[in-house]
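Q: Structure of the sequence below:
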Amino acid sequence: MGRATLFWPALRGHKSADQQRSTFQTLVHEVLATPEVDLYDAIEAGVPTYMVDVIAAATGEPAADVMEFIGVSQTTLRRKVEAKEPLPDVAGHRVMAFLRVAATLRRLLKESAHPEQLTQFDMEAWLSQWMRQALPEFGGKSPAEMLRNPEGQRAVEQVLERMRGGLPA
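A: Numbering: from 1, shown residues only. The predicted model follows:
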């Protein structure tokens, strides 16, 4: 069994918001620890549909907003769930991009913050709000909009890196 099949945790049955948030935090940790070629393989193997609910629970965003962000309609999601198929490729790439941004933020926080500050900081809520803000660095687009393609994804990660250095976002 390859690493790609192990990356996405198996979630069976209804999970509470706390369990889904924990799953999100585990995935963010995994993104930090996993070689990029294995992340590539995980996306190619297919991103599970339950990631919509995991991201929604972690960020406090409605599932409909998460679906809009990753570019999947309610009809498509329902069809994929019923067929037990993964998210469409584009949506899967956007889910991984979101996880990578969260992982970058997590890494930057660990490098620059005091441990006691980290326990009081709600990274997922901050990330959710930040992802919706129109930023001048992106020509008035939000980070969520920028995650639509690889160039935008790199730009978002670069802005986070600059924020670590104390430069304006």
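Q: Can you tell me what sits against the helix ranked longest in the chain?
A: In the chain, taking DSSP state H as the definition, the longest helix is helix 89-112. The contact list for helix 89-112, computed with Cβ atoms under 8 Å, 6 or more residues apart in numbering, reads 24, 27-29, 31-32, 39, 42-43, 46-47, 51, 55, 69-72, 86-87, 118, 121, 123-124, 126-127, 131, 143, 147-148, 153, 156-157, 160-161, 163-164. The way it works is simple: take the backbone N, C-alpha and C, and place the C-beta from them, glycine included.
Q: Now, of those, which are buried?
A: By neighbour count, with 16 or more other Cβ atoms under 10 Å, these hold 24, 27-28, 31, 39, 42-43, 46-47, 51, 55, 69-70, 72, 86-87, 123-124, 127, 131, 143, 147-148, 153, 156-157, 160 as buried.
Q: For burial, what's the neighbour tally of residue 74?
A: As a burial measure, residue 74 scores 11 neighbours (other Cβ atoms under 10 Å).
Q: Which residue is the nearest non-sequential neighbour of it?
A: Closest residue to residue 74 apart from its sequence neighbours, by Cβ to Cβ, 6 or more residues apart in numbering: residue 67 at 6.6 Å.
Q: do the same with residue 59
A: What sits nearest to residue 59 in space, not counting adjacent residues and going by Cβ to Cβ, 6+ apart, is residue 128, at 3.7 Å.
Q: Would you confirm that residue 62 contacts residue 53?
A: No. With contact defined as Cβ atoms under 8 Å, residue 62 does not reach residue 53; the gap is 10.8 Å.
Q: Those two: which has the busier surroundings?
A: residue 53 (18 against 10).
Q: Helix or strand: which one has that one?
A: If you go by DSSP states H and E, residue 53 is part of helix 51-59.
Q: Residue 41 too?
A: Residue 41 belongs to helix 36-45, assigned by DSSP H and E.
Q: and the longest helix of the chain, how far out from the chain's middle?
A: Computed by Cα atoms, centre = their mean, to the nearest Å, the chain-centroid distance of helix 89-112 equals 5 Å.
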